[in-house]
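J.: with the sequence up front, the predicted model follows.
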Amino acid sequence: MEPYWQQHSAIDLTPRGRQAIHTFVTASGPKQWEVRQRVLDPEGDEDWMLDCIVDLTVPRPDDAPLIALRRIGT
């Protein structure tokens, strides 16, 4: 996140920043999805995102996260 903080002073965590229009889900296989979440900043650039994967084909403990973060970037 250091490069983000060099460009922006905050992340918009208000309801506006959590709206569904900022989340993009694409099926990548049976029970697998690529997920991108746009990160809103106070300046309105909206140039950063979280890039994640959800893979329900991989066994995991019940308390393990379902979403795996691949990268944070532009």
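T.: Now that the structure is in, tell me what you want to look at.
J.: how close does the nearest residue to residue 1 once chain neighbours are set aside get to residue 57?
T.: With sequence-adjacent residues excluded and distances taken as C-beta to C-beta, 6 or more residues apart in numbering, residue 1 is closest to residue 72, at 6.3 Å. Placement of C-beta: from N, CA and C, glycine included. Per C-beta to C-beta, to the nearest Å, residue 72 is found 24 Å from residue 57.
J.: of the two, who's got more company?
T.: Applying other C-beta atoms under 10 Å to residue 72 and residue 57 shows that residue 72 carries more neighbours, namely 15 against 8.
J.: ramachandran angles for that one?
T.: Phi and psi for residue 72, reported as degrees, to the nearest 10, are phi -120, psi 120.
J.: partner residues bridging it?
T.: Note on residue 72: beta-bridge partners by DSSP bridges are residue 50.
J.: from residue 12, how far out is it?
T.: Taken as C-beta to C-beta, the span from residue 72 to residue 12 is 15 Å.
J.: equivalent analysis for residue 24, please.
T.: Relative to residue 12, residue 24 is positioned 17 Å away (C-beta to C-beta).
J.: out of these two, which sits in the busier spot?
T.: residue 12 (17 against 13).
J.: which ones are touching the residue nearest to residue 1?
T.: 1, 4, 39, 48-51 (C-beta atoms under 8 Å, 6 or more residues apart in numbering).
J.: helix, strand, or coil at residue 33?
T.: At residue 33 the chain is in strand, as set by DSSP: H, G, I helix; E, B strand; the rest coil.
J.: got a pLDDT number for it?
T.: On pLDDT, residue 33 comes in at 98.
J.: my read is residue 5 is in a helix, agree?
T.: Yes. Assessed by three-state DSSP, residue 5 belongs to a helix.
J.: just give me the neighbour total for it.
T.: Per other C-beta under 10 Å, the neighbour tally for residue 5 reads 10.
J.: and the gap between it and residue 40?
T.: For residue 5 relative to residue 40 (C-beta to C-beta), the value is 15 Å.
J.: tell me where this protein has strands.
T.: 23-29, 32-39, 48-55, 67-73 (DSSP state E).
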